[in-house]
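# Just need the structure, nothing else, for what follows:
(chains A and B)
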There are 2 protein chains.
Amino acid sequence: MESLTGRPLHPFLRRGIFFSHRDLQEILQLYESGTPFYLYTGRGPSSDALHLGHMIPFLFTQYLQEAFQVPCVIQLTDDEKFLFSKDNSKKLEDYQRLGWENAKDILAVGFDCERTFIFRDTDYIGTMYPNILKIQKAVTYNQAKAIFGFDDSDNIGKHGFPAVQAAPSFSSSFPQLFGSQTNLPCLIPCAIDQDPYFRMTRDVAPKLGYRKPALIHSKFFPALQGENTKMSASMAHTAIYVSDTAKQLKTKVNKYAFSGGGATIEEHQKHGGNCDIDVSYKYLSFFLEDDEQLERIRQEYSSGKMLTGEIKAKLIQVLQPLLERHQQRRSQVTDEMIRKVMTPRQLSF
Amino acid sequence: MESLTGRPLHPFLRRGIFFSHRDLQEILQLYESGTPFYLYTGRGPSSDALHLGHMIPFLFTQYLQEAFQVPCVIQLTDDEKFLFSKDNSKKLEDYQRLGWENAKDILAVGFDCERTFIFRDTDYIGTMYPNILKIQKAVTYNQAKAIFGFDDSDNIGKHGFPAVQAAPSFSSSFPQLFGSQTNLPCLIPCAIDQDPYFRMTRDVAPKLGYRKPALIHSKFFPALQGENTKMSASMAHTAIYVSDTAKQLKTKVNKYAFSGGGATIEEHQKHGGNCDIDVSYKYLSFFLEDDEQLERIRQEYSSGKMLTGEIKAKLIQVLQPLLERHQQRRSQVTDEMIRKVMTPRQLSF
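Model (predicted):
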């Protein structure tokens, strides 16, 4: 990738945060020989703002778009969130609104408007429908149950949904964007938990006469409470949101970020901190770009020289300008810009 | 209905061919007090031409439209036929084409273009999608299994489909047609085998804050081979198609129409024919408009005075001008007319 793009590798690649792939080499070889690809990623709009974990695939996809100068499609699965949500106080229209709001955070990441199409499923389903039907016809409920763990008390919309997430993997789902290029290669950067959707998609692709999409997967981004806990949109203290103020950020890190340090200063200085479980260190490994500085922190914290308070202060120092810059960019994203980026139109290559 | 419309009842009503309903009285009372309704019927496009059985709901719906001067929406479920077909040689595009061709036969029945919207699901799904999702969320797979007999080896598109057939029962699925009238009453004329879809729809309606659609059901139209056989698009001799020539019609009736007559002329004259199982008599009871003449035929055939050859000749004599007129009308339906009637637009009331 360095030699193809003339750019240094993204820290997410250098550090193995994007750690696994399917057919990435084929995409790069095709690119080298003059066949471009398009990027596809997405989000289920379940909260007003994105948290840091949501940002990982978008940050990386934006980097790939800039490095390879390729088009990108971003799916907002408002239909999925409605069908799968147990919160019956939320209406479909609420998820549509969240999709619209989330598009602002996504655009603020720095996507190139001339090369990017963001769409909510409830707006765009019609154009993808022929591909959705073809995918649905190629997957039995038995297969879907085995992959997604559906059960018979599920509502009847859930069972067909995987085809809606699969469809954007095929360029023929975007006639206005790609015109006659109905079999353009597709690269999907996503979190590892989305892989089942795309294993299904790759199984189906040859039956439909389409290329299998290539994938590159990111590791799970831990909740503030540590590796085996989950970030939850309904519990704001489990995650740092891109909308958090400097004060909220500081409080959350100091109060909730799970520490791998010793129980007392003495113990910490004696045995050192454990970077494998320390959330502040984990977050730094995602967001501190300087490799040498990160390595120094690792050594000092592991040896006990750096204290928990200090590594937390360092994390706050790294994240604060990042959030501030994001919030500043987001404030410049207008509804008019969203309308434009959500309009199906020819994308430049 | 006679007093409301100032028209004689349709023979299908007089003879109990439309024999059952749900909430029809409510629709008529609303109509009387000034609230109009809209008609909804449909077809799964599985063959190039419609057969006589397919025509029943359309003939009756057209009569209702003319009598009540109300709008009508007609769904062509090309998606359903693709998902449910076991014939893998047929592509989605084939069903889309059949839908287009069938629309010509439907329009030839005499629907009022200013009051009629015909749509293929693959063209129109996007606009109905919010209602489809809301219906899907309100029905579990357990319920759908009990109603439609789905099983786990079905493809994942089938399970969600009932919501696609349900959605047109709600006027909010047609914003371009009905504008702000989002809760217009709906009357669905259909064959009795479609009732399960609309029982489900009626169960769901109150959960969504919508009116339950009213229904009026027609009896099963028998195949040429008799009451307990099925018409099949892949076996042309089981049905009379509206595209059949005079010669095909004659051959089919004479050769295949199941006879309730005696085994020999002598036996027939002695015991008479059985109108309860005689297909020619059944078809006459659908298509011979003159009540007195039909009753005379019934008496003469039952008594043995009229022979099987004669009742068949009578049927041919009734159907031939009917087919001829249909074919003549259909030949005048242009692609341009179909394009127009398939365009979502304000319908006149």
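
# near chain B, which residues of chain A?
A:79, A:82-83, A:92, A:121-127, A:129-130, A:132-134, A:136-142, A:144-145, A:150-157, A:159-160, A:162-163 (Cβ under 8 Å from any Cβ of the partner chain). C-beta here means a position set from N, CA and C on the backbone, and glycine is covered the same way.

# for the residue most central in space within chain A, what are its contacts?
Geometric centre of chain A, nearest residue: A:P57, 2.9 Å, by Cα atoms, centre = their mean. Counting by Cβ atoms under 8 Å, 6 or more residues apart in numbering or on different chains, A:P57 touches A:T41, A:P189, A:C190, A:A191, A:S218.

# Doesn't it lie inside a helix?
Yes - using DSSP: H, G, I helix; E, B strand; the rest coil, the assignment for A:P57 is a helix.

# How many residues are close by the residue nearest to A:D291 when sequence neighbours are not counted?
Spatial nearest neighbour of A:D291, chain neighbours left out: A:R14 (6.9 Å); criterion: Cβ to Cβ, 6 or more residues apart in numbering or on different chains. Neighbours of A:R14 under the rule other Cβ atoms under 10 Å in any protein chain shown: 12.

# Please apply the same query to A:M200.
22.

# if I read this right, it contacts A:Q143, doesn't it?
Yes - applying Cβ atoms under 8 Å as the test, A:M200 and A:Q143 come out as touching, 7.5 Å apart.

# so which helix or strand takes in A:D203?
For A:D203, the host element (DSSP states H and E) is helix A:195-208.

# Check what contacts that helix and list those residues.
A:22, A:131, A:134-135, A:138-139, A:143-144, A:147-148, A:162, A:165-166, A:169-170, A:188, A:190, A:211-213, A:215, A:217.

# Can you show me the helices along the stretch 101-250 of chain A?
Taking DSSP state H, counting those that start in this stretch as the test, the helices found in the stretch 101-250 of chain A are A:121-137, A:141-148, A:161-166, A:175-178, A:195-208, A:246-256.

# Could you dump those into JSON lines and include distance to A:E310?
Shown next, in JSON lines, are these (distance: least, Cβ to Cβ, whole Å):
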{"stretch": "helix A:121-137", "distance to A:E310": "45"}
{"stretch": "helix A:141-148", "distance to A:E310": "44"}
{"stretch": "helix A:161-166", "distance to A:E310": "43"}
{"stretch": "helix A:175-178", "distance to A:E310": "49"}
{"stretch": "helix A:195-208", "distance to A:E310": "37"}
{"stretch": "helix A:246-256", "distance to A:E310": "12"}
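
# Just say which of those is most tucked in.
Ranked by mean neighbour count, the helices of the stretch 101-250 of chain A are led by helix A:161-166 with a mean of 26 (mean count of other Cβ atoms under 10 Å in any protein chain shown).

# send the alpha carbons of it over as PDB?
The C-alpha coordinates for helix A:161-166 follow below in PDB (Å, rounded to 0.1, in the frame of the first residue of the first chain):
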ATOM      1  CA  PHE A 161     -32.100  -7.800   6.500                       C
ATOM      2  CA  PRO A 162     -28.700  -9.400   5.900                       C
ATOM      3  CA  ALA A 163     -29.300  -9.000   2.200                       C
ATOM      4  CA  VAL A 164     -29.800  -5.300   2.700                       C
ATOM      5  CA  GLN A 165     -26.300  -5.000   4.200                       C
ATOM      6  CA  ALA A 166     -24.900  -7.300   1.500                       C
END
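
# circling back to that earlier point, can you tell which of the helices of the stretch 101-250 of chain A is closest to A:F37?
Proximity to A:F37 (Cβ to Cβ) singles out helix A:175-178 among those, at 11.1 Å.

# Just the CA trace of the closest one, in CSV.
C-alpha atoms of helix A:175-178 as CSV (Å, rounded to 0.1, in the frame of the first residue of the first chain):
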residue,chain,number,x,y,z
PRO,A,175,-26.3,2.6,-11.2
GLN,A,176,-26.3,6.4,-10.8
LEU,A,177,-22.8,6.4,-9.2
PHE,A,178,-20.9,3.9,-11.3
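
# quick check: mean pLDDT across the helix holding A:D203?
Averaged across helix A:195-208, pLDDT comes to 97.

# Then stretch A:42-52?
Mean predicted confidence for stretch A:42-52 is 94.
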